[in-house]
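S.K.: sequence first, then the predicted structure, then my questions.
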Amino acid sequence: MNYYKESVAYDYALFMPKEEKKVVQLPRQYQKQQAKVIKKAAAPKAKVLASNALGALSKVLTGAVILTIVVLLILTKVQISEVHDKIASAEKQIRVLDGETTRLNTELEKKISYKNIEQAAKELGMQKKQKTQVNYINISKEDCAEIIKAPKDDVLSTLSDAVLSVVE
């Protein structure tokens with residue numbers, strides 16, 4: 001009953017005696033034609049091998065480009081992180097220096113205050129001015145200048161004065 005479901009066919013070619021192939025030398029004209037036919041048959045295999053090599057090469061190059069981009073992105077992130085760290089440390093230093101500036105300004109105001117100056121003056125024996133110590137100067141006259149001429153004892157100077165008076 002199971003015979004119709006199973007195949008009972010045999011490949012008789014496997015059991016046939018094998019024929020030996022004989023190599024026959026072709027004449028030269030046929031050898032050239034045969035070489036052309038072999039080259040044409042080999043050309044598609046060479047094209048397939050070349051296309052496979054190009055495909056593999058393109059995959060390797062694509063992988064290298066992607067790897068380079070990933071490495072560059074990582075390096076960029078590292079540099080950005082370093083710059084952010086420098087900025088944060090500079091901002092922290094600015095806050096510290098601002099606090100120091102405020103403290104120094106407060107200390108300077110304490111030293112320059114009127115009470116401290118007055119106390120230092122008392123310690124040096126100084127006192128406040130009194131009305132009797134104030135002297136007023138009156139400068140209501142106009143400013144004027146006098147030209148004093150030196151006596152002329154020289155004959156040459158008298159002669160030069162006469163020439164100058166004529167020229168004027």
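M.R.: On my side now, so go ahead.
S.K.: element containing V96, please.
M.R.: Secondary structure from DSSP states H and E places V96 in helix 28-112.
S.K.: pLDDT of that helix, averaged?
M.R.: If you average the pLDDT over helix 28-112, you get 85.
S.K.: next, the angle from whichever helix or strand comes after it to helix 28-112.
M.R.: Once the chain leaves helix 28-112, the next helix or strand it forms, by DSSP H and E, is helix 114-123. Calculated by axes from the mean of the first three to the mean of the last three Cα atoms, to 10 degrees, helix 114-123 forms an angle of 50 degrees with helix 28-112.
S.K.: output helix 114-123 as PDB, restricted to C-alpha atoms.
M.R.: Coordinates of each C-alpha in helix 114-123 appear next as PDB, following Å, rounded to 0.1, in the frame of the first residue of the first chain:
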ATOM      1  CA  TYR A 114      35.500 109.000  58.100                       C
ATOM      2  CA  LYS A 115      35.600 107.700  61.700                       C
ATOM      3  CA  ASN A 116      38.800 105.800  61.100                       C
ATOM      4  CA  ILE A 117      40.500 108.800  59.500                       C
ATOM      5  CA  GLU A 118      39.400 111.000  62.400                       C
ATOM      6  CA  GLN A 119      40.700 108.500  65.000                       C
ATOM      7  CA  ALA A 120      44.100 108.200  63.200                       C
ATOM      8  CA  ALA A 121      44.300 112.000  63.100                       C
ATOM      9  CA  LYS A 122      43.700 112.300  66.900                       C
ATOM     10  CA  GLU A 123      46.300 109.600  67.500                       C
END
